[in-house]
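[1] This is the structure alone, sequence omitted:
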C-alpha cells in the first residue's frame, strides 16, 4: 500500500510491504527545523494501524476524531498539528503491478504552435481523472511560446493541489523528466513532445486528438506526420528520437522496520522456603497434641479405666496427623503447581521466540527480493542498454539510490531495528532471557544480494587489488 502525507508545501510518500509486519513512520520534512515524526504505522493482526504522535490529531473521511485508525486502501484521512492547527491529509492507494506501467502519448499542437491541455474531473477536460479528490477544473498544461520546448503547469485553484517533484506549486516551468503528481489521481512527466502517464487504476481518460498513443504514432508513416490535412495540428517526431525517454519512477523506499521483542515472564519456580520452616509450626502443635494424649493415657491408667482416655487419644492423634500431614501435602502441591507453570512459561515463550524469528526471516526475504529488483544484474543492465528500454536511466537526483551502481554480490546485514529488553544483573540464570539475547544479538545476514557503491556519497572511489583480476 502506498501512503502519501500531504503538507501545504509538498508531499512525502512511503510504500508499505504486502506482509503487514514492522513499524514505519511518516515524517514532516518541510517544517523548518529537525525532521519530526508525524504518524507511526504498525502492522498488528494483519492490519496497518496508524497512531498520531504527540500533538497530532487524526480524523477519518467523516471528520470523526480517533486515537488510532486502521489504514484502508484508497481512503483519505485528515491530520491537524500544532497551534494554530496545521491541516495535513493522508491518501492511501493499493499497490498493484500497474503502478510500474506507464502510457506514452505524443503531443500535437495547433497551427499556431501552441497547446493547452486541461486536467480535471469534468468530462470536458482533455485529461480526465475520475477521482473524488481531483477538482472539476484541476490544472492546465500549457506551451506558451511557439518553438519553446518548455511546458508550464498551472493550478486552477484546486482543492488538493499539484506537486512537481513532490513540492506543491501554483505554477511551474517543467524541465524534461520532472514528475507531476495529482494526489490520488495520477502521476505524469513531460519530455519534449511526449507525455508519460501512470494510470494504475484506469481513472485517467484522454479526450482529444492532440494526444496520440506512442505505439499508434510510431506505427504510422513518419512522412505523413510532416503535414496532415485531416486534423488542424502537426507532430514533431524528431525530438522523440533525439532524446532518451525516461519514464517517471516510483522511487523505491525502504523504510527501516522496527521489531519489538518482549522479555519472558518471571521464573515461576522461585525460591522455595526450607521445609523445616513450613513444618516447624506444625511440629510445635504436634508436640502439644502428643503431650495431651500422654497425659490422658496416664490419667486413665491411674484410674484403671483406659476407655475414658479413648476420645482424647483420638483427638490428639487426628490433630497430630493434621498438623504434620497437611503441610507436607500442601508443599508438594505448591511445588508441582509452580513447576507446571514454569513448564508452560517455557513452552509459550519458546513459541513466541519462534514466531518472532519467523518475522525476522520474512523481513530478510523481503529485503533480499527488493535489493535484487532495485539493483539488477549485468545481464539485465546490458539488455536495457541494447534495447534502449525506458528504465535505462530511471534514477534522478533526490532519490536515495541516485548514482548508485552494483559492483557484485555478497552478504549484507538486515536493515532493521530490533528492540529488546537489555540484559540485567540477576542472581538467578534464566535460559529464556539468554535465548532472547542470543537471538536478537545474532546478526541477520542477507546472502547473495547486490553490493553497491554510491558515487554521489563517495565522489572519489577506487578498487584495490591486482589489475587483471580486479578489472
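    It's in. Model, not experiment: these values are computed from the prediction.
[2] Isn't residue 74 up against residue 92?
    Yes: taking contacts as CB atoms under 8 Å, residue 74 lies within contact range of residue 92: 6.4 Å. C-betas here are computed from N, CA, C, even on glycine.
[3] those helices in the chain, which residues are they?
    Ranges of helices in the chain, per DSSP state H, are 214-219, 238-242, 275-303, 310-374, 378-387, 431-441, 467-470.
[4] Return the member of those helices having the minimum mean pLDDT.
    Among the helices of the chain, helix 238-242 carries the lowest mean pLDDT, at a mean of 43.
[5] got a list of what residue 447 touches?
    368, 411 (CB atoms under 8 Å, 6 or more residues apart in numbering).
[6] sorry, that was for residue 175
    Residue 175 is in contact with residue 150, counting by CB under 8 Å, 6+ apart.
[7] That one and residue 367: what is the separation?
    Going from residue 175 to residue 367 by CB to CB, to the nearest Å gives 34 Å.
[8] now residue 103
    Distance, residue 103 to residue 367, by CB to CB: 31 Å.
[9] Just want to know which of those two has more residues nearby.
    Shown here are residue 103 and residue 367; by other CB atoms under 10 Å, residue 367 has more neighbours (21 against 18).
[10] How about the contacts made by the more buried one?
    Residue 367 makes contact with 254, 414-415, 446, 449, according to CB under 8 Å, 6+ apart.
[11] In CSV: those residues, plus pLDDT and neighbour count.
    Below are the contacts of residue 367 laid out as CSV (pLDDT from 0 to 100; neighbours: other CB atoms under 10 Å):
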residue, pLDDT, neighbour count
254, 61, 16
414, 91, 18
415, 89, 14
446, 92, 19
449, 90, 20
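[12] Mark which of those residues are part of strands, please.
    Those of the contacts of residue 367 mapping onto strands are 446, 449, per DSSP state E.
[13] First-to-last residue distance for stretch 370-382?
    Using CA to CA, to the nearest Å, the end-to-end distance of stretch 370-382 comes to 20 Å.
[14] ok, and for that stretch, which residues are buried?
    For stretch 370-382, a neighbour-count test (16 or more other CB atoms under 10 Å) marks 370-372, 374-375 as buried.
[15] And for that stretch, what's in contact with it?
    Contacts to stretch 370-382, defined as CB under 8 Å, 6+ apart, come from residues 252, 254, 384, 401, 404-406, 412, 446, 449-450, 452.
[16] among those residues, which ones are buried?
    Buried, going by 16+ other CB under 10 Å: 254, 384, 401, 404, 406, 412, 446, 449-450, out of the contacts of stretch 370-382.
[17] Among those residues, which one sits closest to residue 343?
    residue 446 (36.7 Å; CB to CB).
[18] from memory that closest one sits against residue 413, does it?
    Yes: taking contacts as CB under 8 Å, residue 446 lies within contact range of residue 413: 7.3 Å.
[19] how much space between the nearest residue to residue 30 once chain neighbours are set aside and residue 88?
    Of all residues not flanking residue 30 in the chain, residue 9 sits nearest, at 4.1 Å (CB to CB, 6 or more residues apart in numbering). Look at residue 9 and residue 88: by CB to CB, they are 10 Å apart.
[20] between those two, who's got more neighbours?
    Using other CB under 10 Å as the criterion, residue 9 and residue 88 rank with residue 88 on top: 23 against 13.
[21] Which strand residues bridge the nearest residue to that one once chain neighbours are set aside?
    In space, and not counting its chain neighbours, residue 88 is closest to residue 79: 4.2 Å by CB to CB, 6+ apart. Applying DSSP bridges to residue 79 gives these bridge partners: residue 58, residue 88.
[22] what sits against residue 79?
    Here residue 79 is in contact with 5, 38-39, 52, 56-59, 87-90 (CB under 8 Å, 6+ apart).
[23] Show me just the buried residues among those.
    For these, buried by 16+ other CB under 10 Å: 5, 38-39, 52, 56, 58-59, 88-90.
[24] With pLDDT and distance to residue 17 added, can I get those residues in a markdown table?
    Putting these into a markdown table (pLDDT from 0 to 100; distance: CB to CB, whole Å) gives the following:
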| residue | pLDDT | distance to residue 17 |
| --- | --- | --- |
| 5 | 87 | 18 |
| 38 | 85 | 20 |
| 39 | 88 | 17 |
| 52 | 86 | 22 |
| 56 | 83 | 24 |
| 58 | 85 | 22 |
| 59 | 84 | 26 |
| 88 | 84 | 24 |
| 89 | 87 | 23 |
| 90 | 87 | 18 |
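[25] Skip the chain neighbours and tell me the closest residue to residue 257.
    Residue 257's closest residue in space is residue 22 (CB to CB, 6+ apart), at 3.2 Å.
[26] Distance of that neighbour relative to residue 367?
    Applying CB to CB to residue 22 and residue 367 gives a distance of 11 Å.
[27] Please apply the same query to residue 327.
    Applying CB to CB, the value for residue 327 to residue 367 is 59 Å.
[28] Repeat that for residue 137.
    Counting by CB to CB - residue 137 and residue 367 are separated by 44 Å.
[29] Over to residue 207?
    Relative to residue 367, and taking CB to CB, residue 207 is found at 43 Å.
[30] now do residue 173
    The separation that residue 173 has from residue 367, given CB to CB, amounts to 39 Å.
[31] got it, and residue 351?
    Separation of residue 351 from residue 367 (CB to CB): 25 Å.
[32] One more: residue 373?
    In terms of CB to CB, residue 373 sits 11 Å off from residue 367.
[33] on that earlier part again, nearest to residue 193, out of the buried residues of stretch 370-382: which one, please.
    When the buried residues of stretch 370-382 are ranked by distance to residue 193 (CB to CB), residue 374 comes first, at 30.8 Å.
[34] the domain parsing of this structure - what is it?
    The chain is divided into the following domains under automatic domain parsing: 2-95, 98-242, 364-470.
[35] Least confident of those domains, on average?
    Minimum mean pLDDT among the domains of the chain: domain 98-242, a mean of 75.
[36] Wait, the residue nearest to residue 257 touches residue 362, no?
    No: using CB under 8 Å, residue 22 is not in contact with residue 362, being 9.7 Å away.
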